[in-house]
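[1] Sequence plus predicted model, see below.
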Amino acid sequence: MVPETEQDLARLHAYVSGVVQGVGFRYFTLKTAQQLALVGWVRNLSDGSVEVVAEGRKAVLEAFLAELKRGPQSSRVENVRHTLYPARGEFNKFDVTF
(Lines give C-alpha, C1' and ligand atoms only; values in the text may rest on other atoms or scores of the structure.)
Protein backbone atom coordinates (compact mmCIF):
# COMPACT_ATOMS: atom_id res chain seq x y z
CA MET A 1 0.00 0.00 0.00
CA VAL A 2 1.31 3.44 -0.94
CA PRO A 3 1.40 5.87 2.01
CA GLU A 4 -0.66 9.04 1.71
CA THR A 5 1.24 12.23 1.14
CA GLU A 6 0.09 15.71 2.01
CA GLN A 7 -0.54 16.23 -1.71
CA ASP A 8 -3.12 13.40 -1.66
CA LEU A 9 -5.12 15.12 1.09
CA ALA A 10 -7.46 18.07 0.70
CA ARG A 11 -10.15 20.02 2.52
CA LEU A 12 -13.60 20.46 1.00
CA HIS A 13 -15.68 23.44 2.15
CA ALA A 14 -19.20 23.32 0.75
CA TYR A 15 -22.51 25.14 1.10
CA VAL A 16 -25.57 23.13 0.09
CA SER A 17 -28.87 24.90 -0.60
CA GLY A 18 -32.38 23.78 -1.44
CA VAL A 19 -34.63 21.68 0.77
CA VAL A 20 -31.79 20.48 2.99
CA GLN A 21 -32.98 21.19 6.55
CA GLY A 22 -35.48 19.05 8.42
CA VAL A 23 -35.04 16.20 5.94
CA GLY A 24 -32.10 14.28 7.47
CA PHE A 25 -29.45 15.93 5.31
CA ARG A 26 -26.91 16.38 8.13
CA TYR A 27 -27.20 12.73 9.18
CA PHE A 28 -27.00 11.58 5.55
CA THR A 29 -23.80 13.64 5.31
CA LEU A 30 -22.46 12.19 8.56
CA LYS A 31 -23.14 8.60 7.49
CA THR A 32 -21.64 9.17 4.03
CA ALA A 33 -18.52 10.84 5.46
CA GLN A 34 -18.03 8.01 7.95
CA GLN A 35 -18.41 5.38 5.21
CA LEU A 36 -15.76 7.21 3.18
CA ALA A 37 -13.44 7.63 6.21
CA LEU A 38 -13.56 11.43 5.98
CA VAL A 39 -13.15 13.79 8.93
CA GLY A 40 -14.73 17.20 9.53
CA TRP A 41 -18.23 18.47 10.30
CA VAL A 42 -21.66 19.45 8.96
CA ARG A 43 -24.09 22.05 10.31
CA ASN A 44 -27.29 23.88 9.47
CA LEU A 45 -27.07 27.60 8.76
CA SER A 46 -29.69 30.20 9.63
CA ASP A 47 -30.41 30.90 5.94
CA GLY A 48 -31.72 27.33 5.44
CA SER A 49 -28.56 25.96 3.84
CA VAL A 50 -26.09 23.40 5.17
CA GLU A 51 -22.34 23.97 5.55
CA VAL A 52 -19.89 21.07 5.24
CA VAL A 53 -16.15 20.91 5.92
CA ALA A 54 -14.46 17.58 5.18
CA GLU A 55 -10.89 16.40 4.86
CA GLY A 56 -9.51 13.31 3.20
CA ARG A 57 -8.05 12.03 -0.05
CA LYS A 58 -8.96 14.20 -3.04
CA ALA A 59 -10.53 11.34 -4.99
CA VAL A 60 -12.68 10.41 -1.99
CA LEU A 61 -13.75 14.04 -1.52
CA GLU A 62 -14.92 14.10 -5.15
CA ALA A 63 -17.11 11.05 -4.47
CA PHE A 64 -18.39 12.73 -1.29
CA LEU A 65 -19.23 15.89 -3.23
CA ALA A 66 -21.25 13.82 -5.71
CA GLU A 67 -23.24 12.41 -2.78
CA LEU A 68 -23.82 15.91 -1.38
CA LYS A 69 -25.22 16.97 -4.74
CA ARG A 70 -27.60 14.00 -4.64
CA GLY A 71 -28.57 14.21 -0.96
CA PRO A 72 -30.98 11.90 0.84
CA GLN A 73 -34.22 10.93 -0.88
CA SER A 74 -36.26 13.39 1.23
CA SER A 75 -34.12 16.39 0.23
CA ARG A 76 -34.02 18.55 -2.88
CA VAL A 77 -30.51 19.87 -3.47
CA GLU A 78 -30.61 22.96 -5.68
CA ASN A 79 -27.03 24.19 -5.46
CA VAL A 80 -23.68 23.15 -4.01
CA ARG A 81 -20.98 25.82 -3.85
CA HIS A 82 -17.64 24.31 -2.95
CA THR A 83 -13.93 24.98 -2.77
CA LEU A 84 -10.97 22.64 -2.25
CA TYR A 85 -8.10 23.73 -0.03
CA PRO A 86 -5.01 22.02 1.36
CA ALA A 87 -5.90 19.79 4.32
CA ARG A 88 -5.15 21.23 7.77
CA GLY A 89 -5.28 17.95 9.68
CA GLU A 90 -7.28 19.43 12.56
CA PHE A 91 -10.06 16.78 12.76
CA ASN A 92 -10.03 13.20 14.03
CA LYS A 93 -13.66 12.27 13.17
CA PHE A 94 -16.73 13.58 11.37
CA ASP A 95 -19.38 15.31 13.49
CA VAL A 96 -22.70 17.09 13.27
CA THR A 97 -22.20 20.51 14.87
CA PHE A 98 -24.70 23.11 15.93
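    Happy to help now that I have it. Everything quoted here is computed from the prediction, not taken from an experiment.
[2] Going by C-alpha atoms from here, please, whenever you check contacts or count neighbours.
    Fine.
[3] Would you map the helices across this protein?
    Per DSSP state H, the chain carries helices over the ranges 25-35, 58-70.
[4] need the contact list for the closest residue to residue 92 other than its chain neighbours.
    Spatial nearest neighbour of residue 92, chain neighbours left out: residue 39 (6.0 Å); criterion: C-alpha to C-alpha, 6 or more residues apart in numbering. If a contact means C-alpha atoms under 8 Å, 6 or more residues apart in numbering, then residue 39 has 33, 54, 55, 56, 91, 92, 93, 94, 95 as its contacts.
[5] Give the burial count for the fourth one, as a bare number.
    Right, the one you point to is residue 56. Using other C-alpha atoms under 10 Å, residue 56 is surrounded by 25 other residues.
[6] ok, it to residue 45 distance?
    Using C-alpha to C-alpha, to the nearest Å, residue 56 is found at 23 Å from residue 45.
[7] Same check on the third one?
    The span separating residue 55 from residue 45 equals 20 Å under the rule C-alpha to C-alpha.
[8] The two: which has the busier surroundings?
    residue 55 (29 against 14).
[9] Now the more buried one: closest residue in space, sequence neighbours ignored.
    With sequence-adjacent residues excluded and distances taken as C-alpha to C-alpha, 6+ apart, residue 55 is closest to residue 11, at 4.4 Å.
[10] any idea how far that neighbour lies from residue 27?
    Distance, residue 11 to residue 27, by C-alpha to C-alpha: 20 Å.
[11] do residue 50 as well
    Counting by C-alpha to C-alpha - residue 50 and residue 27 are separated by 11 Å.
[12] More neighbours: these two, which one.
    When residue 50 and residue 27 are compared on other C-alpha under 10 Å, the one with more neighbours turns out to be residue 50, at 21 against 15.
[13] just checking, the more buried one touches residue 18?
    No: at 9.1 Å, residue 50 does not count as touching residue 18 under the criterion of C-alpha atoms under 8 Å.
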